[in-house]
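Student: compute the structure for the input listed below.
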Amino acid sequence: MPVSSGAIDERAKKVLDEEVVTYEERTPKSKALYERAERSMPFGVTSSFQAGDPYPIYLASGQGSHVTDADGNTYIDYHNGFGCMVVGHAHPKVRAAIEHAAAHGTHFAATTETAVLYAEELKKRFGLEKIRFTNSGTEATMDAIRVARAGTGKDVLLKIEGSYHGHHDAVMYSVIPSMDSAGPTERPWTAPFSRGIPPETANSTMIVPFNDVEGLANILNEHGDRIGALIMEPVMMNIGIVVPLPGYLQKVRELCDKHNVALIFDEVKTGVTIAPGGATEYYGVQPDLVCLAKAIGGGTPVGAFGGKASLMDEIMNGVAALGTFNGNPLSMAAGLATLTEVLTPDAYERLAVLGTRLAQGCQKVLDQYGIPAVTTDLGCKGSITFRDKPLERYRDFAEVDDEVFDAYWYWVVNRGIYQTPGKEEQWTISVQHSEEDIDQTVEILADYCERVAS
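Tutor: From the prediction side, this is the model:
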């Protein structure tokens, strides 16, 4: 029986106040590190996404499915380095690969045999013809867009409203736009996500909603002669998890072909997580280019992009795709071990079982206590969205219950569950998680739901 949202929100606000106090009581060393760090780093962190209120947790170590903070508190980790650590922490096979590589030289700025083997494995998984390594997802999307524009001979980039594709200027639009930023034709404005971007950059980026075939067809009919590439997450993961509606990706593929638009799948989050070949394999739609990073490196800084040789060969025709650390031996070794020794067919079967156990367990608890929320189960990825029905596009995100999420985050972190900060994120399960980890997580959610529902 659903409980009144107003009553839930009021209880959640009270819980939040109590839990923030508890948070500060149990993390004094994190607080001290924050006060020290903010004197040398903006927000006191190494990336703005790591900032937190009243301060972030500072971690000291990780082992298996757990991390330990500066105060010695241990957590079951579903943050997993913003989804990078599907292998779990300090996996013996990844560690051995890194140690072996380090013993033979940590950097050459020259291609190694390991890089060749790694590229071949990625080609096989994603159906790619050629690949170029980078050092991050941002670099992968930046270079892929440049290649796509050169290959199509058209300069305008089309992206999905509410998606994040890294922090280079071309994609720093409509990442978290205000809900009143719709244009006169109901098409979202190109709203900058950051200061410091020249205003004229917006002339080369257009926006379209996710899961909106008609909207995509309209913008391509009107501007297809200028649009050279569409970059999109095949599963939108900047607002939790938004899966494509049946047939949507197939229609996107058809429309891009019709208008000579290079289709780029940003699989930085979905790649090697929801399936061995990511969303490309899972949904059976082959883009022109795929961008990869995060989980492909087993915890090391690595990215890649690849696709049709006809596009990738633009790199041999004057398109810059550069990087001193591209193909770094440590990252190549860790990535190859991750894909060939850890993320095996058996591993994906286990991740699917654990993911379903967590998603179904959470949904059962939410339903039992009448909390308006839905869970998403997608391999090792999943999420709880505090809304009474699944999201289909960015503007649905306004209906997510902030109060219930905020209190939930502090509730679980104070009881040993480390999750990504922000209702827009999702959980990541590693191969080192156990059934006991999953069941403990569900129990902690049940205690929270009981508290705010009664």
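
Student: next, count neighbours for the residue lying closest to Gly379 once chain neighbours are set aside.
Tutor: If you skip the residues right next to it in sequence, Gly379 has Ile274 as its closest partner in space, 4.0 Å away by CB to CB, 6 or more residues apart in numbering. C-beta here means a position set from N, CA and C on the backbone, and glycine is covered the same way. Neighbouring residues of Ile274 were enumerated by other CB atoms under 10 Å; the total is 27.

Student: for the protein, which segments count as strands?
Tutor: Counting by DSSP state E, the chain has strands at residues 59-63, 66-69, 74-77, 130-134, 156-160, 205-208, 227-232, 262-266, 289-292, 303-307, 374-378, 381-385, 417-418, 427-428.

Student: where does the stretch 101-250 of the chain dip in pLDDT?
Tutor: Low-confidence segments of the stretch 101-250 of the chain, defined by pLDDT under 70: 179-189.

Student: okay, helices next: where are they in it?
Tutor: Shown for the stretch 101-250 of the chain, the helices assigned by DSSP state H, counting those that start in this stretch span residues 113-126, 137-152, 213-223, 248-258.

Student: out of those helices, which gets nearest to Tyr408?
Tutor: Distances from Tyr408 to each of those were compared by CB to CB, and the smallest falls on helix 137-152, at 27.5 Å.

Student: state the distance from Asp77 to Ile241.
Tutor: Here the criterion is CB to CB, to the nearest Å. By it, Asp77 lies 19 Å from Ile241.

Student: let me redo that: Thr376
Tutor: Counting by CB to CB, the gap from Thr376 to Ile241 is 4 Å.

Student: Pro276: neighbour count?
Tutor: Using other CB under 10 Å, Pro276 is surrounded by 20 other residues.

Student: wait, it touches Tyr348, no?
Tutor: Yes. With contact defined as CB atoms under 8 Å, Pro276 and Tyr348 form a contacting pair (6.2 Å).

Student: that older thread, residue contacts, the residue nearest to Gly379?
Tutor: By CB atoms under 8 Å, 6 or more residues apart in numbering, Ile274 lies in contact with 235, 282, 378-381.

Student: same check, this time on His107
Tutor: Under the criterion of CB under 8 Å, 6+ apart, the contact partners of His107 comprise 325, 328-330.

Student: again, but for Val156
Tutor: Taking CB under 8 Å, 6+ apart as the test, what Val156 contacts is 204-206, 223, 226-228.

Student: buried ones among these?
Tutor: Restricting these to buried positions leaves 204-206, 227-228, with burial counted as 16 or more other CB atoms under 10 Å.

Student: and those residues, which is closest to Tyr408?
Tutor: When those are compared for distance to Tyr408 (CB to CB), Thr205 comes out closest, at 34.6 Å.

Student: got the contact list for that closest one?
Tutor: Listed by CB under 8 Å, 6+ apart, the contact partners of Thr205 are 156-159, 170-171, 173, 190.

Student: who's it bridged to?
Tutor: Per DSSP bridges, the residues bridged to Thr205 are Leu157.

Student: now do the helices in the stretch 251-400 of the chain.
Tutor: Along the stretch 251-400 of the chain, the stretches classed as helices by DSSP H, counting those that start in this stretch are 278-283, 309-312, 329-337, 345-368.

Student: Glu399: which of these is closest?
Tutor: The stretch from the helices of the stretch 251-400 of the chain with the least distance to Glu399 (CB to CB) is helix 345-368; that distance is 16.0 Å.

Student: give me the nearest residue to Tyr248, chain neighbours excluded.
Tutor: Asn211 (5.5 Å).

Student: gap between the one you found and Ser30?
Tutor: Distance from Asn211 to Ser30, counting by CB to CB: 39 Å.

Student: just to revisit the earlier point, tell me the spacing between the residue nearest to Tyr248 and Gly81.
Tutor: When CB to CB is applied, the distance between Asn211 and Gly81 equals 29 Å.

Student: now swap in Glu18 and tell me
Tutor: Using CB to CB, one obtains 29 Å as the distance from Glu18 to Gly81.

Student: more crowded one of those two?
Tutor: Taking neighbours as other CB under 10 Å, Glu18 and Gly81 compare with Gly81 leading, 18 against 15.

Student: tell me the contacts of the more buried one?
Tutor: When contacts are taken as CB under 8 Å, 6+ apart, Gly81 is in contact with 294, 299.

Student: how far away is it from Val319?
Tutor: Look at Gly81 and Val319: by CB to CB, they are 31 Å apart.

Student: what's the answer for Glu392, then?
Tutor: Here the criterion is CB to CB. By it, Glu392 lies 35 Å from Val319.

Student: thought Asn221 was touching Ile227, still the case?
Tutor: No. Checked against CB under 8 Å, the pair Ile227 and Asn221 is beyond contact range at 10.7 Å.

Student: just to revisit the earlier point, which one of the contacts of Thr205 sits closest to Val342?
Tutor: Val171 (30.4 Å).

Student: pLDDT wise, what is the nearest residue to Asp437 once chain neighbours are set aside at?
Tutor: The shortest distance from Asp437 to any residue other than its chain neighbours is 4.9 Å, reached at Ile76 (CB to CB, 6+ apart). Predicted confidence (pLDDT) at Ile76: the value is 98.
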